[in-house]
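Q: Need coordinates for the following:
(2 chains)
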Amino acid sequence: MSKLAVDDTLDITDVVCPITFVKVKVALEDLEDGQKLGVHLNDGEPIQNVPRSLKDEGHKVLSVDQNDDGTWDLVVEKGGLA
Amino acid sequence: MAVDYKELKKGGFMRQKQKDCFSMRLKSVGGHFTAAQLGTVQQVAEKYGQGYVHLTSRQGIEIPFIKLQDIDAVKAALKAGGVSVGVCGPRVRTITACQGAATCPSGLIDTVKLANEFDKRYGGRELPHKFKFGFTGCHNNCLKAEENDMGIKGGVMPAWSEASCTYCGVCAAVCPTKAITVDKEAKTVKLAADKCVYCGKCIKSCPTDAWTGENGFVISFGGLYGNRIAVGRHFLPIVFDEAKIYEIVDVTLKFFEDHARPSERFANCLDRVGWDKFQKAVEAVL
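A: Residues are numbered from 1 along each chain as shown, chains lettered A, B, ... in the order given. As a prediction, this is how the structure comes out:
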């Protein structure tokens, strides 16, 4: 996981697009603006598409790191682009 | 009176196996039809056909079972209702397009507008064999640009600016070809331009707009998806100027006219005459 402290974490490696982003949206709804969500996601479509959707909805990606098994960990700040 | 099938085919009447029946091909540009046009199509299909239409593989509509004796009446009814007939045979065919930048969040070029401009300039132009143009708005390639004799795809050449970059690494993560490397510790970002496929994912994902870019056209040549299957080839850099596209088309169609044998598709012509020769001709106008 990223070195950044997060307020909640979410694993979306068990679903495919577009459910990936749906789950992220639902998880973000439970947070306040400025809080951080850690998202664990697969390589391929999820990592290529989820960050763009986050930007479109006004959330700011703070860091993205790839793990040894090819999965990714992303930290996003709710409403960070508002 | 002898029936001139060749002339009918040119005018969009495709001969059926059933005697004196034709499948009437309608003109389509970029796959757009208005609701009013569809109303006309419905009326004609019910009155002169068998009450159904066939949607073609190139975004067109055909009305099957039009009788030979009704051809003039059908043409008149279509014309009155704002519908034009399509073309077939050795000429520039239906120009296809995805919905593109006008409506699609991924779109980088206005495909439908371009398709209409191409239709105005080149639609129906006589050539040694059929010639197909297709427009797709981005690297997702919903319209399968490389299936076409000339395919045009929206692209964007990314450029990075240090000022607002937070080195979060998202651009490197979303890049489908791993063309971007971010060193978070050293605070460096590198783009391997030769690996870039101009998809723009870095730009669309960057939280601080450190990545920006200029939209342009990525062109492929010599695609075929019929008896022979060949994927259109890319050898040009991304082109940013729309006017330049028309110069490239002019050179391409002239090359096809000058070098193809009758009934020889563009890819087969290029294989025989030499891709390098064609590439030189195109590069001369860049």
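Q: number of nearby residues for B:Val87?
A: 20 (other CB atoms under 10 Å in any protein chain shown). Using the backbone N, CA and C atoms, a C-beta is placed for each residue, glycine as well.
Q: what about residue 23, which helix or strand?
A: Using chain A here. Per DSSP states H and E: A:Lys23 is located in helix A:19-29.
Q: My question was about chain B, not that one.
A: Per DSSP H and E: strand B:21-25 holds B:Ser23.
Q: need the helices for chain A, in chain order.
A: Taking DSSP state H as the criterion, chain A contains helices spanning A:19-29, A:45-56.
Q: tell me the SS of the residue nearest to B:Lys184 when sequence neighbours are not counted?
A: The shortest distance from B:Lys184 to any non-neighbouring residue, by CB to CB, 6 or more residues apart in numbering or on different chains, is to B:Tyr167 (5.0 Å). At B:Tyr167 the chain is in coil, as set by DSSP: H, G, I helix; E, B strand; the rest coil.
Q: Also the one 5 residues further on?
A: Secondary structure state of B:Ala172, per three-state DSSP, is helix.
Q: For chain A, what lies in contact range of chain B?
A: A:47-49, A:51-52, A:54-56, A:60-66, A:72, A:74, A:80-81 (CB under 8 Å from any CB of the partner chain).
Q: May I see the PyMOL selection of the buried members of those residues?
A: Selection of the buried residues among the residues of chain A next to chain B in PyMOL, burial being defined by 16 or more other CB atoms under 10 Å in any protein chain shown:
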select buried, chain A and resi 47+48+49+51+52+54+55+60+61+62+63+64+65+72+74+80
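Q: The residue nearest to B:Lys184: neighbouring residues, count only.
A: 19.
Q: Check it and give its pLDDT.
A: If you check B:Tyr167, the pLDDT there is 95.
Q: thinking again about what came up before, the helices of chain A into a markdown table, with extra columns for distance to B:Val239 and mean pLDDT?
A: Below are these laid out as a markdown table (distance: least, CB to CB, whole Å; pLDDT from 0 to 100):
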| stretch | distance to B:Val239 | mean pLDDT |
| --- | --- | --- |
| helix A:19-29 | 33 | 95 |
| helix A:45-56 | 25 | 93 |
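Q: before we move on, the earlier item: can I get the strand holding B:Ser23 in PDB? Just the C-alpha atoms.
A: Provided in PDB are the C-alpha atoms of strand B:21-25 (Å, rounded to 0.1, in the frame of the first residue of the first chain):
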ATOM      1  CA  CYS B  21     -35.900  -7.700 -57.300                       C
ATOM      2  CA  PHE B  22     -33.400  -5.300 -55.900                       C
ATOM      3  CA  SER B  23     -32.100  -4.400 -52.500                       C
ATOM      4  CA  MET B  24     -32.100  -0.600 -52.500                       C
ATOM      5  CA  ARG B  25     -29.000   0.900 -50.900                       C
END
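Q: quick check, B:Lys254 in a strand?
A: No. Counting by three-state DSSP, B:Lys254 falls outside a strand, being helix.
Q: For residue 49, which residues are in contact?
A: No chain in the question, so chain A it is. Applying CB atoms under 8 Å, 6 or more residues apart in numbering or on different chains to A:Asn49 gives the contacts A:Cys17, A:Thr20, A:Phe21, B:Val174.
Q: ah, no, chain B please
A: B:Met24, B:Ile63, B:Pro64, B:Phe65, B:Ile66.
Q: Please apply the same query to B:Gly154.
A: Contacts of B:Gly154 by CB under 8 Å, 6+ apart are B:100-101, B:107-109, B:111, B:136-139, B:215-218.
Q: could I get those residues as JSON lines with pLDDT?
A: Shown next, in JSON lines, are those (pLDDT from 0 to 100):
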{"residue": "B:Gly100", "pLDDT": "97"}
{"residue": "B:Ala101", "pLDDT": "95"}
{"residue": "B:Gly107", "pLDDT": "93"}
{"residue": "B:Leu108", "pLDDT": "95"}
{"residue": "B:Ile109", "pLDDT": "97"}
{"residue": "B:Thr111", "pLDDT": "98"}
{"residue": "B:Thr136", "pLDDT": "98"}
{"residue": "B:Gly137", "pLDDT": "97"}
{"residue": "B:Cys138", "pLDDT": "96"}
{"residue": "B:His139", "pLDDT": "93"}
{"residue": "B:Asn215", "pLDDT": "96"}
{"residue": "B:Gly216", "pLDDT": "97"}
{"residue": "B:Phe217", "pLDDT": "98"}
{"residue": "B:Val218", "pLDDT": "97"}
